[in-house]
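In: sharing a sequence plus its predicted fold:
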Amino acid sequence: QDYDRYCNQRMTKAGTTSSSNSTRQQEPTAKDSPDNSDKKDHTSDKKQKVNDSIDDEKKKDYWLYRDIIVRIINKKLSNGQYYKRKAIVDKVIDKYEARVEVLESSRKANDGGDILRLDQDDLETVIPKKLGEKVRILVGQHRGKKAKVLRLTKEDYRAEVRLT
């Protein structure tokens, strides 16, 4: 009983209570007000529809696209032979899988050209090093569109781009 009383006192101090005979009343909300009961805000419905379509676009968890440069991040693939190697996406097989061609590790090396079939979980996008480089937007409202890099903030993984 002492423990129950202690818990109820703590919960009451925190602003909630578990007892059904609480004397605390809630403040009426705008919905409960008699003035607003029959009115409907159509602008908020339109905004909600726009936000829903943007949210649907954001919910897409696949980002593979043909002709983008990616980095292989699977350490177990061929005993780490391809780990952190760059590749170009030749073909998107389905939403989450692609055929990639491994690029040469340096100009003098002749170690590129291998064709691999990889899941997007084994890949990551490559951030361009220079301003003005062309990129493709992979997620969001402008998915698939080409853009030009105006500013890079690598610490935040952000880029300011202009659609081309």
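Out: The structure has been received and is ready for your questions. Numbering: from 1, shown residues only.
In: show the contacting residues for Y62.
Out: Each residue near Y62 by C-beta atoms under 8 Å, 6 or more residues apart in numbering is listed here: K95, Y96, Q120. Glycine gets a C-beta too; all of them are placed from N, C-alpha and C.
In: now do the last one against V100, distance only.
Out: By that I understand Q120. Distance of Q120 to V100, given as C-beta to C-beta, to the nearest Å: 10 Å.
In: which stretches in the protein count as strands?
Out: 69-72, 86-94, 97-102, 115-119, 123-125, 134-136, 146-153, 158-163 (DSSP state E).
In: sketch out the low-pLDDT regions of the chain for me.
Out: The chain contains residues with pLDDT under 70 at 1-59.
In: apply 50 and report the result again.
Out: Flagging of the chain using pLDDT under 50 yields the residue ranges 1-3, 6-7, 9-39.
In: which one's more surrounded, Q120 and V100?
Out: V100 (25 against 19; other C-beta atoms under 10 Å).
In: burial check on the closest residue to I72 other than its chain neighbours, number of neighbours?
Out: Nearest-residue entry for I72: Y82, 4.6 Å, with adjacent residues in sequence omitted and distances by C-beta to C-beta, 6 or more residues apart in numbering. Around Y82 there are 21 other residues, counting by other C-beta under 10 Å.
In: Y82 contacts V102, correct?
Out: Yes - shown here, Y82 and V102 form a contact pair, counting by C-beta atoms under 8 Å, at 6.2 Å.
In: if I look at the nearest residue to K146 once chain neighbours are set aside, how far off is I88?
Out: Nearest residue to K146, sequence neighbours excluded (C-beta to C-beta, 6+ apart): T164, at 5.1 Å. Distance, T164 to I88, using C-beta to C-beta: 20 Å.
In: neighbour count winner among these two?
Out: Neighbour count, other C-beta under 10 Å: between T164 and I88, I88 has more, with 16 against 9.
In: find the residues that touch each one of Y82 and V102.
Out: Counting by C-beta under 8 Å, 6+ apart, the contacts common to Y82 and V102 are I72, D114, L116.
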